[in-house]
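In: this is a predicted model, with the sequence first.
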Amino acid sequence: MRAWLVAAVVVMAGLPASPAAAHWEYTRWGMTQQQVIAASRGAVRALPVGERRPVPSARMEYRASGQFRTAGLQMTVAFAFDGRNGGLVCVSARVEEGQADALRARLERQFGPAQERGQDPGTGARSYGWSRPDEIDLQVTRGQPAVLLHCARGV
């Protein structure tokens with residue numbers, strides 16, 4: 001029995017680490033706007049009707065925004081909700097250019113190496129993409145804030 005336990009530990013140690021669970025930071029996909037605001041502990045506010053940003057092609061609307069700070073990163077975030085059921089489906093974030101590499105490194109710690117990488121030869125813009133556990137895109141362009149789009153799978 002002891003040999004079996006040792007063998008199991010050796011096998012488990014050799015398996016690659018699985019990526020973090022899906023969802024964005026303190027939110028969970030499907031949360032209502034009120035739940036997202038409450039989970040932010042005052043860092044996010046509901047957008048007035050005139051400031052909301054619909055995305056008709058994706059049947060969603062950005063209806064809340066605020067700030068998120070962690071480990072030296074400061075992000076401006078916006079939350080998009082499904083036009084049919086009202087649940088959270090995407091989070092967009094922007095960080096200043098100087099924090100782009102720190103954001104990329106954080107994403108890689110959370111979700112592993114990007115499954116897709118690209119660079120536009122004309123502009124030098126770099127793109128990073130993950131399709132597990134969620135759909136995540138990071139765009140880094142010299143002289144501009146880096147832009148992150150983190151959505152539930154299938155959005």
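Out: Good, I have the coordinates. All values reported here derive from a predicted model rather than from experimental measurement.
In: now Ala38: phi and psi?
Out: Torsion angles at Ala38 (phi, psi; degrees, to the nearest 10) stand at phi -60, psi -40.
In: and the strands in this protein?
Out: With DSSP state E as the criterion, the chain has strands at 44-46, 53-55, 60-70, 73-82, 88-95, 116-119, 126-130, 135-140, 146-151.
In: nearest spatial neighbour of Gln99, skipping sequence neighbours?
Out: Nearest residue to Gln99, sequence neighbours excluded (C-beta to C-beta, 6 or more residues apart in numbering): Leu73, at 5.6 Å. Every C-beta, even on glycine, is put in place using the N, C-alpha and C of the backbone.
In: and Ala43, how far is that from Glu51?
Out: Using C-beta to C-beta, to the nearest Å, Ala43 is found at 17 Å from Glu51.
In: of the two, who's got more company?
Out: Ala43 (14 against 10; other C-beta atoms under 10 Å).
In: what residue ranges in the chain score low on pLDDT?
Out: Scanning the chain for pLDDT under 70 picks out 1-22.
In: and with 90 instead?
Out: 1-23, 71-72, 153-155 (pLDDT under 90).
In: picking that back up, and of the strands of the chain, who's closest to Arg106?
Out: Closest to Arg106 of the strands of the chain is strand 73-82 (C-beta to C-beta; 6.7 Å).
In: tell me what angle the closest one forms with strand 146-151.
Out: 40 degrees (axes from the mean of the first three to the mean of the last three C-alpha atoms, to 10 degrees).
In: residues of strand 73-82 that come out buried?
Out: By neighbour count on 16 or more other C-beta atoms under 10 Å, the buried set for strand 73-82 is Met75, Val77, Ala78, Phe79, Ala80, Phe81, Asp82.
In: mind giving me a markdown table with those residues and columns for distance to Ala38?
Out: Listed next are these as a markdown table, based on distance: C-beta to C-beta, whole Å:
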| residue | distance to Ala38 |
| --- | --- |
| Met75 | 19 |
| Val77 | 15 |
| Ala78 | 17 |
| Phe79 | 12 |
| Ala80 | 18 |
| Phe81 | 15 |
| Asp82 | 19 |
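In: just flag the most distant two among those.
Out: Farthest pair in the buried residues of strand 73-82 (C-beta to C-beta) is Met75 and Asp82. Separation: 22.3 Å.
In: give the contact list for the residue sitting nearest the centre point of the chain.
Out: The residue lying closest to the centre of the chain (C-alpha atoms, centre = their mean) is His150, at 3.4 Å. His150 makes contact with Trp24, Cys90, Val91, Ser92, Ala93, Asp134, Glu135, Ile136 under the criterion C-beta atoms under 8 Å, 6 or more residues apart in numbering.
In: fine, thanks again, bye for now.
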